[in-house]
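>>> quick check, what structure comes out for this input:
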Amino acid sequence: NAEWIRDQRDNTTFPLNFEDYSKEMDLNEEQAKKFDQISEYKSNLTYNSLPYEKELFTVDTTLAEKRERWHKSLTSDIYMEEAVNVLEDLKVNNIKKSGVANIKN
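Residues are numbered from 1 along each chain as shown. Presented below is the predicted three-dimensional model:
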């Protein structure tokens, strides 16, 4: 998706013929539909602000609203969930290799 968006942004050549331009725009629409599922993605991860920020929310309601929007956007960020999965894998593999604990599957 990111590559396609970058290519579309970098494309500065457009056909002058209306029919050719229309066909190109229709093709772009079809390609964009392939990525609709990504925009609808939601993870089961939840996010909380740090305690010192929660105290600031009583005074700064704008900060509270910003954090709420940020946390909501993070739930639809596929990279955040993948990062958590990678960290979990690293943690499990490091524990197994170090022999510090026994991991039960």
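
>>> CA atoms for contacts and neighbours, from now on please.
OK.

>>> and the residue lying closest to Leu74 once chain neighbours are set aside, how many residues sit next to it?
Sequence neighbours aside, Met80 is the residue nearest to Leu74 in space, at 6.9 Å (criterion: CA to CA, 6 or more residues apart in numbering). By the criterion of other CA atoms under 10 Å, Met80 has 14 neighbours.

>>> cool, and Thr58?
When neighbours are defined as other CA under 10 Å, Thr58 has 11 of them.

>>> go on, the one 4 residues further on?
Neighbours of Thr62 under the rule other CA under 10 Å: 11.

>>> before we move on, what about Asn17?
As a burial measure, the neighbour count of Asn17 was computed by other CA under 10 Å and equals 8.

>>> quick one: pLDDT of it?
Among the per-residue scores, Asn17 holds a pLDDT of 90.

>>> among the helices and strands of this structure, which has the poorest mean pLDDT?
For the chain, using mean pLDDT, DSSP states H and E, the weakest element among its helices and strands is helix 36-39, scoring a mean of 71.

>>> what's the following helix or strand after it?
helix 51-57 (DSSP states H and E).

>>> can you give me the helices in this protein?
According to DSSP state H, the chain carries its helices in the segments 2-10, 18-33, 36-39, 51-57, 61-75, 78-98.

>>> in the longest one, what's buried?
Residues of helix 78-98 classed as buried: Glu81 (neighbour count, 16 or more other CA atoms under 10 Å).

>>> could you do the fifth one as well?
Going by neighbour count (16+ other CA under 10 Å), the buried part of helix 61-75 is Ala64, Arg67, His71, Leu74, Thr75.

>>> show me the contact partners of stretch 45-52.
Outside of stretch 45-52, the residues that reach it under the criterion CA atoms under 8 Å, 6 or more residues apart in numbering are Arg67, His71, Leu74, Thr75, Glu81.

>>> now do it: distance to the chain's middle.
Taking CA atoms, centre = their mean, to the nearest Å, the mean C-alpha location of stretch 45-52 is offset from the chain mean by 18 Å.

>>> what about that stretch, start to end distance?
22 Å (CA to CA, to the nearest Å).

>>> tell me the mean pLDDT over it?
Here stretch 45-52 scores 90 as its mean pLDDT.
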